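In: generate coordinates for the sequence data below:
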Amino acid sequence: MTIALRKVSIVLSFAVLVSSCVSQKQYADLAKDKDRLDVNVERAHKEIRELKDVKLTLEDQIKAKNVEITKLEQQVNTFKRQNEEMGAKFSVLDEQMKKMMSDLESKKSESASLIASYEQKITELQLANATISSARKSVGRKPTKPRKSKVALPAALKI
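Out: Modelled structure (predicted):
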């Protein structure tokens, strides 16, 4: 039995060894697949590192843009406040201008009435002068030349 047992154990051992082994072709294919997968893994790791760098760069750019946005918002708020202040000043100036225009119109009408009264007085004086001249002629005195009346108008009334 020992020989038969040995033969059976050798056959079983050989069967186990042959059944568990892979062919050289399968081994070569598996080695190629492993190499290809190793290259793909290395490429994926490299791409991950590059993407992390891009992510950091983009995060820095986002931070810079957020700072810029904050500054621009502050400028917009400053401009809005200045615009409101200027609008208020404009309203005050507009009211002052309207008041000044109203005062100017009243001064113009006042000046016109003063000029009219001065002209009326000048006319009256000229008539009185003519009357005096004619009275002197009738009395026999030497006629005098009628003098031009010189009435100085105030500087404010000259237009």
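In: element containing Lys63?
Out: Here Lys63 sits within helix 24-139, counting by DSSP states H and E.
In: how far is that helix from where the chain is centred?
Out: Between the centre of helix 24-139 and the centre of its chain there are 7 Å (C-alpha atoms, centre = their mean, to the nearest Å).
In: rounded mean pLDDT for it, please.
Out: Computed over helix 24-139, the mean pLDDT rounds to 93.
In: which strands or helices does it pack on?
Out: The helices and strands touching helix 24-139, judged by 3 or more C-beta pairs under 8 Å, 6 or more residues apart in numbering; DSSP states H and E, number zero. The C-beta positions use only the backbone N, C-alpha and C, and glycine is treated the same way.
In: what's the spacing between the residue positioned nearest the centre of the chain and Thr70?
Out: The residue lying closest to the centre of the chain (C-alpha atoms, centre = their mean) is Val76, at 6.3 Å. Applying C-beta to C-beta, to the nearest Å, the value for Val76 to Thr70 is 11 Å.
In: tell me the confidence at Pro143?
Out: For Pro143, the model assigns a pLDDT of 52.
In: pull out the buried residues from stretch 105-118.
Out: Judged by neighbour count (16 or more other C-beta atoms under 10 Å), stretch 105-118 contains these buried residues: Ser111.
In: no further queries at this time; thank you.
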